[in-house]
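K.L.:
With the sequence up front, the predicted model follows.
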Amino acid sequence: MERRSFLQGAVLGAGLTGTTLAGAGSAGAAVNAPASTGPLPNTRPQDPADLPFVTDPGERRGEMLYRTFGKTSEKISAIGMGGFHLGKGAVTDDEATRLIHAGIDRGITFMDNCWDYNDGRSELRMGAALAQGGYRDKVFLMSKMDGRTKAEALKQIDQSLLRLRTDRIDLVQHHEILRYDDPDRVFAEGGAMEGFLEAKKAGKLRYIGFTGHKDPRIHLQMLEVAAERGFHFDSVQMPVNVMDAHFRSFSHLVLPYLVQNGIAPLAMKTFGDGVILKADAPIKPIEYLHFSLNLPVSVVITGIQNQRDLDQAFEAVKTFTPMDKAAVAELLSRSKPYALEGKYELFKTSATFDGTAKNAAWLGDDVQGVKKLAPVME
C-alpha cells in the first residue's frame, strides 16, 4: 500500500473529501457541513489472518533453513542472532562468545547488532567472537546506525567497524525510524544516506536498509521518500509477531510492499524482549517463532542469551512446516484478546524501546541547510 493511498483512504473514510466544515469560519466565509461525517476509517485488518504466507520454508541444510536476502542471490539463515541480548550484563564475555560460536556451528549465519546496543558492548563481544577461528567469514553481519547526518553516520560506521573487528559490514541499516521527519533527515543534503553511500563506495558496507518499531505508516513514509528519490532499499526490519497482526500491523501494511518490490523483510520483536510472553496468552513460545517463520521474511531475528534460547530457536526451525490460513487464523484467535490495544507491544505504545528518544545526541546535530533556515529559538 502506498502512503498516499493510505492517507487518501483515511480522508475518504472520515467523510471530509469535497466538503467544508461549518461553524468557526472567518467573518463572511460561508462554509457548508456534510450531512453526516460518517465513521472514522478502520485501520485494523478486517481479517487478521489475511497475510502473505510462505509456501516453501527455505533450503534446509543441517539444522537450519536458509532463505534469499531480498532480490539478491545471498542466502541467509532463517534465524538471526540478536546482538542486543548478547551484550546484556547477565551474559558474560565468555558466554557470549560460546553462544555465537555454537550458533554459527549449528547453522546460524545472520548476525544482528547496533552501534548503540549496551553502550557498544554488544558489538565488542560479537567482534571478539567473530575474530576467532575464521568465524567472521562464515556470517552475514549486520549493524545499525543512529546518526541522521552524514558526519554522524560515518563516525558511527567507523566505530562499529573497529568494535566488530572487520573491514566491512554486510548490511548497515538506519536505526529507529520512529518519527515522520526521520525519512527527510536521512535523505536530506548532508544527511545520513550520503554517509551510507560514501561508506558503501569505500567498501565499508555492502547493503543498505532501515529499521523501526513504532508505526507501519512511518515505514511507508520512509519507503515513499526513498522511491521519490529513486533509491531502492535492500532490507527493512520491523516487528512481526502474533500481536502485530491485530494492532498497527507491519505485517499487513508493510510486508506486502516489501515482497512485491524485492526488499528483504527482516522480522524482529517476536517476543518483544519477553514482554509479549507476559500476556500469558495460550500460545507456546515455539508457536510465536513458527508464526514469524510462516511469513515471507528473509530472517527472524531473535534474542539468544542462554543455551535454552539457542536450542529453542533450532527446535522451531526443525519443527516448522508452512501453515495454511486456517491454522494461522486459529493461532491469531488465541492472541486477539491480548493484542487489540497494543498493551504488550510496548515498542509501539510507549517510549520503553526508543533509545534515540532518550539519547537524542546519537542522531547528531542538524545539517547546515536546517541551521541556515532555522529561526532563533528563545
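P.N.:
The structure has been received and is ready for your questions.

K.L.:
alpha carbons only for contacts and neighbour counts from here, please
P.N.:
Fine.

K.L.:
neighbours around the closest residue to Phe320 other than its chain neighbours, how many?
P.N.:
In space, and not counting its chain neighbours, Phe320 is closest to His290: 6.1 Å by C-alpha to C-alpha, 6 or more residues apart in numbering. Residues near His290, counting by other C-alpha atoms under 10 Å, number 24.

K.L.:
From Gly62, how far out is His290?
P.N.:
18 Å (C-alpha to C-alpha, to the nearest Å).

K.L.:
in this protein, which spans are strands?
P.N.:
Listed in chain order, the strands found in the chain under DSSP state E are 59-61, 64-68, 75-77, 79-82, 110-111, 140-145, 169-174, 205-211, 235-239, 264-268, 299-303.

K.L.:
As JSON lines, those strands with mean pLDDT, distance to Val186 and mean neighbour count would be great.
P.N.:
Below are these laid out as JSON lines (pLDDT from 0 to 100; distance: least, C-alpha to C-alpha, whole Å; neighbours: other C-alpha atoms under 10 Å):
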{"stretch": "strand 59-61", "mean pLDDT": "97", "distance to Val186": "36", "mean neighbour count": "13"}
{"stretch": "strand 64-68", "mean pLDDT": "98", "distance to Val186": "27", "mean neighbour count": "21"}
{"stretch": "strand 75-77", "mean pLDDT": "98", "distance to Val186": "27", "mean neighbour count": "23"}
{"stretch": "strand 79-82", "mean pLDDT": "98", "distance to Val186": "25", "mean neighbour count": "26"}
{"stretch": "strand 110-111", "mean pLDDT": "98", "distance to Val186": "24", "mean neighbour count": "24"}
{"stretch": "strand 140-145", "mean pLDDT": "98", "distance to Val186": "11", "mean neighbour count": "24"}
{"stretch": "strand 169-174", "mean pLDDT": "98", "distance to Val186": "8", "mean neighbour count": "24"}
{"stretch": "strand 205-211", "mean pLDDT": "98", "distance to Val186": "10", "mean neighbour count": "21"}
{"stretch": "strand 235-239", "mean pLDDT": "98", "distance to Val186": "15", "mean neighbour count": "25"}
{"stretch": "strand 264-268", "mean pLDDT": "98", "distance to Val186": "20", "mean neighbour count": "26"}
{"stretch": "strand 299-303", "mean pLDDT": "97", "distance to Val186": "24", "mean neighbour count": "26"}
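
K.L.:
what's the closest of those strands to Leu253?
P.N.:
Closest approach to Leu253 among the strands of the chain (C-alpha to C-alpha): strand 235-239, 11.3 Å.

K.L.:
and the closest one, what other elements does it pack with?
P.N.:
strand 205-211, helix 250-253, strand 264-268 (3 or more C-alpha pairs under 8 Å, 6 or more residues apart in numbering; DSSP states H and E).

K.L.:
Gly274 is in contact with Tyr344, correct?
P.N.:
No. Using C-alpha atoms under 8 Å, Tyr344 is not in contact with Gly274; the gap is 9.5 Å.

K.L.:
Show me which of the two is the more surrounded one.
P.N.:
Neighbour comparison, Tyr344 and Gly274: the larger count goes to Tyr344, with 21 against 12 (by other C-alpha under 10 Å).

K.L.:
Contacts only, for the residue nearest to the more buried one when sequence neighbours are not counted.
P.N.:
Closest residue to Tyr344 apart from its sequence neighbours, by C-alpha to C-alpha, 6+ apart: Ile276 at 5.1 Å. Ile276 is in contact with 243, 344-345, counting by C-alpha atoms under 8 Å, 6 or more residues apart in numbering.

K.L.:
what's the answer for Glu189, then?
P.N.:
Glu189 neighbours (C-alpha under 8 Å, 6+ apart): 367, 369.

K.L.:
remind me which residues of this protein are low pLDDT?
P.N.:
1-38 (pLDDT under 70).

K.L.:
do that again at 50, thanks
P.N.:
Flagging of the chain using pLDDT under 50 yields the residue ranges 1-3, 6-29.

K.L.:
Asn261: neighbour count?
P.N.:
For Asn261, using other C-alpha under 10 Å, the count is 13.

K.L.:
typed the wrong thing, it's Cys114
P.N.:
A count of nearby residues for Cys114, using other C-alpha under 10 Å, gives 26.

K.L.:
For it, which residues are in contact?
P.N.:
83-84, 120, 122-123, 142-145, 175.
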